[in-house]
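1. sequence first, predicted coordinates after that:
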Protein chains: 4
Amino acid sequence: MRFLFCGDIVGKAGRDVVTANVPRLRDQLKLDFVVANGENAAHGFGITSKICDELFDAGVDVITGGNHSWDNIDILSRADDEPRLLRPDNFQPGMPGRGVGVYETAKGLRILVVNVLGRLFMDMYDNPFTSLEKHVPGTVPAEAGFDAVLVDVHAETTSEKNAIGHLLDGRASLVVGTHTHIPTSDTRILPGGTGYQTDAGMCGDYDSVIGMEKSGSVARFLGELPRPRMAPADGEGTLAGVVVDTDPATGLAAKIQPVRLGGQLQVAWPSV
Amino acid sequence: MRFLFCGDIVGKAGRDVVTANVPRLRDQLKLDFVVANGENAAHGFGITSKICDELFDAGVDVITGGNHSWDNIDILSRADDEPRLLRPDNFQPGMPGRGVGVYETAKGLRILVVNVLGRLFMDMYDNPFTSLEKHVPGTVPAEAGFDAVLVDVHAETTSEKNAIGHLLDGRASLVVGTHTHIPTSDTRILPGGTGYQTDAGMCGDYDSVIGMEKSGSVARFLGELPRPRMAPADGEGTLAGVVVDTDPATGLAAKIQPVRLGGQLQVAWPSV
Amino acid sequence: MRFLFCGDIVGKAGRDVVTANVPRLRDQLKLDFVVANGENAAHGFGITSKICDELFDAGVDVITGGNHSWDNIDILSRADDEPRLLRPDNFQPGMPGRGVGVYETAKGLRILVVNVLGRLFMDMYDNPFTSLEKHVPGTVPAEAGFDAVLVDVHAETTSEKNAIGHLLDGRASLVVGTHTHIPTSDTRILPGGTGYQTDAGMCGDYDSVIGMEKSGSVARFLGELPRPRMAPADGEGTLAGVVVDTDPATGLAAKIQPVRLGGQLQVAWPSV
Amino acid sequence: MRFLFCGDIVGKAGRDVVTANVPRLRDQLKLDFVVANGENAAHGFGITSKICDELFDAGVDVITGGNHSWDNIDILSRADDEPRLLRPDNFQPGMPGRGVGVYETAKGLRILVVNVLGRLFMDMYDNPFTSLEKHVPGTVPAEAGFDAVLVDVHAETTSEKNAIGHLLDGRASLVVGTHTHIPTSDTRILPGGTGYQTDAGMCGDYDSVIGMEKSGSVARFLGELPRPRMAPADGEGTLAGVVVDTDPATGLAAKIQPVRLGGQLQVAWPSV
Ligand SMILES: [Fe+2]
Ligand SMILES: [Fe+2]
Ligand SMILES: [Fe+2]
Ligand SMILES: [Fe+2]
Ligand SMILES: [Fe+2]
Ligand SMILES: [Fe+2]
Ligand SMILES: [Fe+2]
Ligand SMILES: [Fe+2]
């Protein structure tokens, strides 16, 4: 099977490039499954119910999240009832929603998606390693009954993401990072067979400071007063993500390729 | 002119891939100038006088640094007297060494190199913006009498690096990040003409946790006791960096391309 | 001479206990000078022009600040023109206001007040040690022409405050910490003659989480959603600070005593 | 019943003042139980088996810990087998040792001791609120069958400690903080009946930077190279802690008083 993972969707620029491209990507790349991180979809902070529906309508099967998942309270009513919307599993206990889902495609493929938050240089969250040991099988995906296992590690540091990649090597089809909003070029298959990229990058306008309007962001670093408001940059967005082909015998990665379409970054179009 | 910047050299794997490849890169790519970040060259922490000489002998013109620059006290005797060895300009006051240098190539090209540390999620350093405003001219490089201006921003977060890129856009030939040890794929020329990549990546073994032996690093994240010692991974290294061609009229970037050679990552060889 | 330093005034509870008690303290303790930290005076965040006047009218001679100094933009118009209002000297460059002042009392006493921010576990500020070496004389206060030198170190950690106390020991009449909002009981004269207390504590309602309404604060630590708004606790406030008597020959501390009046804490009334 | 809690014992100065004073305090104050935090007892980092025995011999009934509990590997062999030695309950999973103990005195009093780490500005630990809800009964101690419930909250910030105090108010005899090494003067009984002090302070030499030799610590803040080694200050130590009398009907606090004996701080001797 082949699936696409898209990094953090930031604001309208990000939503537009995702909804414009996912339908044709599904078609041209014959994608079986699409996951996108939506923690910044609503003007940079959180997501709304309406935006979820727009993404689902465009062909996104599952939306993952991060530290900003529930920033916009509009979504809270839906958090518990929408199985296609995940937030990090190691959010504070008592938070609405769920961090793990099992999905079945039209063709009957069975996919496990797990979403965790890192802790290094981040807010106070529960232990992601406890979540991962609990939810990611200790064997190759096929042995555990999955056609694919996807893990979205929403974390600040390259070290914590690298470590989780190695920990899960041989147990997941893809371990991909999110949160830094800049794609990395270390796309590869780890020795044990897991597809890996430290950060998927964001879907949004890169003529910005990680998706937010650049002059205000620079002014904040310079300490200007009154502190400028944060708003997403509204230039042409780039869709950033990875496409993974699995080996049906194991559910591990047979091929992993970066995708970058539109906007400021150099185009990367997967070969099929 | 054309120059190469190599990211953090980590341990022997990093030194080997740099010293093995820089001579042929200088030749095949007709490089005028080579800069490499050496803060992790000595077993992951700092650099020694002998390693400096090995890098200079291999064709590295200038070595930049970061938070680990002076970790190995062997280098302290040379810190003040070696103009080709930089450490971040905004290190604590009173630190030996310098953060800025002007260099002249055999062909008479004049190049300014500036090295600063970011502060977000890092130790306590002086203000990098003060350093940058003091040392990076307010005009295009050519107007300030330079054929090229290179800025190594050694920082943890993508946001601080993005912000510095925009702040210096039109004033530097290259703003490149270091420290996270994973190359980013946002290589591009910013609207004002500055070549930019959020992180150059490391020169070292990527089958690791940011260059360090992976089982020990994973064990540290899991909290195992006694805490494993950190040592660089010793598999085949990857050279990671960027090549920039400048526009002689301005000294800004005419072309910027990623370089990745050897080891675990997909090869990127610049076109000339 | 004798002076009083009051810790961070938090909201109405803090303002009320300060304005109610400073007039009688000035009188009963024959205070020559009163300094109070006002960074949280306006509903917990910053200060307004009107609140400054209320504090000055009550007998506060100088208001110091901290990370929250300019949170309320109402005060920005006055920041540059009011010499009795200080903000940390090592705020980002370009910030309005000043971090150092020299004041003369009615009796002709000359007092230097310096306000700096610590950096450990705080936002990105300039180097406080550079500020201190620039503004605090290298001799006892009297030799530098001051009857007293007061330093407000607005910092998170006990270690950074301890270190600054020792660095300035023999050069200041008082080094006192602010920001943690809880008074410490290490009030003493350091070996070189400087009065010292790691934190002055806050002037505010202690039946709270560092001055803010307790149920909302606890809920935030528990991760409840939607995140409760922060508001100052409005029970009876405690005035918390220190009273210092100087030795006229040196300007160093001859005596230092804690003050705690009103509210939840055990009363400490200085002996005269 | 009456019990004593002593803050972090730092090095020899701390051990000496504890072993010299606890026997007479037990006697003169008719103490039923003594707890001391030992995370820095062995030259500032961790504790050894021999030091544990010295403290037990001097009349310490239970030793609690913190982030440094297992720094000295000498103790690891005993961590699992010594019920009187606690480490934080929310240490990484898989760590040896335990964070909770129930003890019975010679007179048959039953005491629960719980030790947790805070997370704000600390390393990556599990959720302390989960530990507390699991181990601290939801009722007054007497209803849960305890004569006293003691909670040592080893945390950096006053806010996290304040919040935990309020959360457990009415459920513990004492919630006391450790880790900052400076005693606070907010000793009081919270509205629900729980004795509280934000930090117990350290048992060690206060002519120091939080127990460590002061010139080296100041030099580290100034960024001097080579970085000075850390060693505990070896002047006369102060014993710092709190004494709590419980109400036998509830097990809550009837009285709470600070204790400070020896060294640089002003003496506080509990009235009985
Ligand atoms: Fe994001
Ligand atoms: Fe995020
Ligand atoms: Fe590095
Ligand atoms: Fe670094
Ligand atoms: Fe404050
Ligand atoms: Fe503050
Ligand atoms: Fe400690
Ligand atoms: Fe500690």
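-> Structure's in. What do you need? Ligands and ions are numbered 1, 2, ... in the order given.
2. residue farthest from the centroid of chain A?
-> residue A:225 (34.1 Å; C-alpha atoms, centre = their mean).
3. helices of the stretch 151-272 of chain A, start to end?
-> When secondary structure is read from DSSP state H, counting those that start in this stretch, the stretch 151-272 of chain A shows helices at A:158-167, A:214-221.
4. quick one: closest of these to residue D:98.
-> helix A:158-167 (25.9 Å; C-beta to C-beta). Heads up, the C-betas are built off the backbone N, CA and C, glycines and all.
5. in chain A, which residue is most central in space?
-> residue A:37 (3.6 Å).
6. so it is in contact with residue A:63, correct?
-> Yes - the pair formed by residue A:37 and residue A:63 meets the contact definition of C-beta atoms under 8 Å, at 7.3 Å.
7. tell me, what's touching those two both at once?
-> The overlap between the contact sets of residue A:37 and residue A:63 (C-beta atoms under 8 Å, 6 or more residues apart in numbering or on different chains) is empty.
8. before we move on, back to that, nearest residue to the residue farthest from the centre of chain A in space, please, no chain neighbours.
-> residue C:70 (5.7 Å; C-beta to C-beta, 6 or more residues apart in numbering or on different chains).
9. give the burial count for the one you found, as a bare number.
-> Per other C-beta atoms under 10 Å in any protein chain shown, the neighbour tally for residue C:70 reads 24.
10. that one falls within a strand, correct?
-> No - counting by DSSP: H, G, I helix; E, B strand; the rest coil, residue C:70 is not found in a strand; it is coil.
11. so how far is residue C:86 from it?
-> 12 Å (C-beta to C-beta, to the nearest Å).
12. confidence score at the residue nearest to the centre of chain A?
-> As predicted, residue A:37 sits at a pLDDT of 99.
13. with residue A:65 instead?
-> Note on residue A:65: pLDDT of 98.
14. show the end-to-end separation of stretch A:142-160, please.
-> Across its full length, stretch A:142-160 reaches 26 Å end to end, with C-alpha to C-alpha, to the nearest Å as the criterion.
15. so is it next to chain B?
-> Yes - Stretch A:142-160 comes into contact with chain B (C-beta under 8 Å from any C-beta of the partner chain), by way of A:156-160.
16. residues of chain A that sit close to chain D?
-> Counting by C-beta under 8 Å from any C-beta, the residues of chain A near chain D are A:92-93, A:119-120, A:124, A:126-127, A:129-130.
17. joint contacts of residue C:70 and residue C:86?
-> Common neighbours of residue C:70 and residue C:86 (C-beta under 8 Å, 6+ apart) are residue C:97.
18. how about the residues of chain A by ligand 2?
-> Residues of chain A lying close to ligand 2 by C-beta under 5 Å from the ion are A:66-67, A:179.
19. now flag whichever of these is closest to residue C:260.
-> Nearest to residue C:260, judged by C-beta to C-beta, of the residues of chain A next to ligand 2 is residue A:67 at 39.2 Å.
20. my read: the closest one touches residue A:156, true?
-> No - counting by C-beta under 8 Å, residue A:67 sits too far from residue A:156 to count as a contact (9.3 Å).
21. more crowded one of these two?
-> More crowded of residue A:67 and residue A:156, by other C-beta under 10 Å: residue A:156, with 23 against 20.
22. contacting residues for the residue nearest to the more buried one when sequence neighbours are not counted?
-> Spatially, and ignoring its direct neighbours in sequence, residue A:156 is nearest to residue A:121 (4.4 Å; C-beta to C-beta, 6+ apart). Neighbour list for residue A:121: A:156-157, B:121, B:156 [criterion: C-beta under 8 Å, 6+ apart].
23. save those as CSV, and put in pLDDT and distance to residue A:10 too.
-> Compiled in CSV, these are given as follows (pLDDT from 0 to 100; distance: C-beta to C-beta, whole Å):
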residue, pLDDT, distance to residue A:10
A:156, 98, 16
A:157, 98, 20
B:121, 97, 21
B:156, 98, 20
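24. returning to that earlier point: now flag whichever of the residues of chain A next to chain D is closest to ligand 4.
-> Set against ligand 4, the nearest of those by C-beta to the ion is residue A:120 (14.3 Å).
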